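Enquirer: Provided below for reference: sequence and predicted model.
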Amino acid sequence: MFVFLLLLFVVVPLVELYVIIQVGQAIGAVPTIALLLLDSVLGSLLMRSQGRAAWRRFQAAVAEGRTPAREVLDGVLVIFGGAFLLTPGFVTDVVGVFLLLPPTRALVRRGLVRRLLPRMVVTAAGRARPRRGRPGDADVEGTAVEIERDRLP
């Protein structure tokens, strides 16, 4: 977890600064700032349209009576994509666009499901909880009733 936080709060901003400086040297400071503003505005518009589409799919899944797992994950990815796009920087913008465009979002969703699903167990109530113990272990609550042989049909 420490390595993840170090990457998030130290390495990513340093990489962003480096890329912004390189782009600024190549095209100038004012065009770089304009480009950062433009991609933030376009990113917010893309996030709004994709968020609405994810919300419509979520509502349709609920109306059909099925669990909206895919739609919820899409909504979370859209939110993260929008947050990345609103964060100033070119590297986070690439990640944000990757999460907002439906074809690439599907790839990310598929990867997350492959990685996280084996770690989860779905209970009878439909809630997921972390798996504990070995994969074959299971506790089942129940009752047993003895039936005398002469009572069997």
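Expert: Noted; the coordinates are in hand. Residues are numbered from 1 along each chain as shown.
Enquirer: now the strands for the chain?
Expert: Along the chain, the stretches classed as strands by DSSP state E are 120-122, 128-130.
Enquirer: quick one: average pLDDT of the last one?
Expert: Taken as a whole, strand 128-130 has a mean pLDDT of 53.
Enquirer: Check stretch 38-55 too.
Expert: Regarding stretch 38-55, the rounded mean pLDDT is 90.
Enquirer: Determine how far it lies from the middle of the whole chain.
Expert: On the basis of C-alpha atoms, centre = their mean, to the nearest Å, stretch 38-55 is displaced by 16 Å from the centre of the chain it belongs to.
Enquirer: CA atoms only: put it into PDB for me.
Expert: Taking Å, rounded to 0.1, in the frame of the first residue of the first chain, the C-alpha atoms of stretch 38-55 are listed here in PDB:
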ATOM      1  CA  LEU A  38      -9.000  22.600 -23.500                       C
ATOM      2  CA  ASP A  39      -8.500  18.900 -22.600                       C
ATOM      3  CA  SER A  40     -10.100  19.600 -19.100                       C
ATOM      4  CA  VAL A  41     -13.200  21.100 -20.700                       C
ATOM      5  CA  LEU A  42     -13.500  18.400 -23.400                       C
ATOM      6  CA  GLY A  43     -12.900  15.800 -20.700                       C
ATOM      7  CA  SER A  44     -15.700  17.200 -18.500                       C
ATOM      8  CA  LEU A  45     -18.000  17.000 -21.500                       C
ATOM      9  CA  LEU A  46     -17.000  13.500 -22.300                       C
ATOM     10  CA  MET A  47     -17.400  12.500 -18.600                       C
ATOM     11  CA  ARG A  48     -20.900  14.000 -18.600                       C
ATOM     12  CA  SER A  49     -22.000  12.100 -21.700                       C
ATOM     13  CA  GLN A  50     -20.500   8.800 -20.600                       C
ATOM     14  CA  GLY A  51     -21.800   9.200 -17.100                       C
ATOM     15  CA  ARG A  52     -25.300   9.800 -18.400                       C
ATOM     16  CA  ALA A  53     -25.000   6.700 -20.700                       C
ATOM     17  CA  ALA A  54     -23.800   4.600 -17.700                       C
ATOM     18  CA  TRP A  55     -26.700   5.900 -15.600                       C
END
